[in-house]
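> What shape does this take:
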Amino acid sequence: MPFTLTMPKLSPTMEEGTLVKWHVKEGDHVEVGDVLIEVATDKATVEHSALDAGYVRKILISEGSTARVNQPIAIFTESADESIEGYEPEGEAPPPPPVETSGRPQYTLRLEIVLMCLKNVSAEKWC
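Predicted coordinates:
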């Protein structure tokens, strides 16, 4: 049965991590305790080891990519010939890509509100 490796939470304040290095490649067999990845957190670069034995079937994020805690980063199977077709990785989906903007601010100020605020500010407060 396929199972998912998600970005581990390696410190209490960690919200995302940058995958610095994969120590395995697709098709590799791993045993419990084998080092899988190096992750740069908000505090340090940490190695993360396999918690289960299995075969690396699909790597979902590449070295240098950033992932949120619990975001799927790889799919494993218990046997080498097990299919992952149709398997949906478990974990939190990555955030949607940022929306392109025209370079203008993403907010709108109503002129009436700005003028009302300016009336209430005396020149003495700004000097």
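
> what's the burial count for residue 44?
Residues near residue 44, counting by other Cβ atoms under 10 Å, number 9. All C-beta atoms are positioned from the backbone trio N, CA, C, and that covers glycine.

> Model confidence for the residue nearest to it when sequence neighbours are not counted, exactly?
Among residues not flanking residue 44 along the chain, residue 11 sits closest, at 7.8 Å (Cβ to Cβ, 6 or more residues apart in numbering). pLDDT for residue 11: 85.

> next one: residue 101
On the pLDDT scale, residue 101 gets 59.

> What of residue 117?
63.

> center of this structure - which residue?
residue 67 (1.5 Å; Cα atoms, centre = their mean).

> just checking, it is part of a strand?
Yes: counting by DSSP: H, G, I helix; E, B strand; the rest coil, residue 67 is located in a strand.

> Could you count how many residues lie near the residue nearest to it when sequence neighbours are not counted?
The spatial neighbour of residue 67 that comes closest, neighbours along the chain excluded (Cβ to Cβ, 6+ apart), is residue 7 at 4.2 Å. Residue 7 sits with 28 neighbouring residues when counted by other Cβ under 10 Å.
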